[in-house]
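Chemist: What shape does this take:
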Amino acid sequence: MQDISKTAAVIAGLACAIVPAAAAAFDKIDTREEFVEAIQGKDLKITGISVNVTPAGQIKGRAFGIRVQGEWEWQDGYFCRSLFWGRQDLGPNCQEVKIDGDTIRFTSDRGAGEFADLTMR
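Modeler: Okay, the predicted model is just below:
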């Protein structure tokens, strides 16, 4: 049962589940250059999850003690990623990206899905 709960939490955090957030004025990131400038040299964190998204297109980190790895590219104004949590393939997803200070918001399904707010440190 504990493994199922952890799996659900990881999928929620990494596949962009709804995370309670205070009302904020997020600015949309439209270009790869803006995105790289925002994330370069920083880890993206939410409870139990810490990942690094590199300018070279790699995603690596840990979620609840299990390795996270994947790749990303910028397509038509969206962050498009493929991701694994351990051996579990979380699949591809293109996400809208917005930023407010040190908070970055990823909204799944090209901005039409659920979102996750991560802190950049």
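Chemist: Look at P20 and report its pLDDT.
Modeler: pLDDT, P20: 45.
Chemist: go on, the one 5 residues further on?
Modeler: At A25, the pLDDT value in this model is 91.
Chemist: Ok, T31 next?
Modeler: Note for T31: predicted pLDDT of 98.
Chemist: Surely it and Q75 touch.
Modeler: No. Contact between T31 and Q75 fails when scored by CB atoms under 8 Å: they sit 11.6 Å apart. Yep, even glycine has a C-beta here, placed from its N, CA and C like the rest.
Chemist: give me the element V36 is part of.
Modeler: In this structure, V36 is located in helix 32-39 according to DSSP states H and E.
Chemist: which residues of this structure score low on pLDDT?
Modeler: Within the chain, the segments meeting pLDDT under 70 span 1-24.
Chemist: Could you point out the helix or strand that follows the longest strand belonging to it?
Modeler: Longest strand of the chain, by residue count under DSSP state E: strand 88-100. Next along the chain after strand 88-100, taking DSSP H and E as the criterion, comes strand 103-107.
Chemist: what residues are up against I39?
Modeler: 53, 55, 104, 120 (CB atoms under 8 Å, 6 or more residues apart in numbering).
Chemist: what separates K42 from M120, distance-wise?
Modeler: For K42, the distance to M120 (CB to CB, to the nearest Å) stands at 4 Å.
Chemist: what's near enough to touch K42?
Modeler: Residues near K42 by CB under 8 Å, 6+ apart: 52, 120-121.
Chemist: and of those residues, the nearest to L90?
Modeler: N52 (16.7 Å; CB to CB).
Chemist: Check which residues of the host helix or strand of the closest one are buried.
Modeler: Secondary structure from DSSP H and E places N52 in strand 49-53. Within strand 49-53, the residues that count as buried by 16 or more other CB atoms under 10 Å are 49-51, 53.
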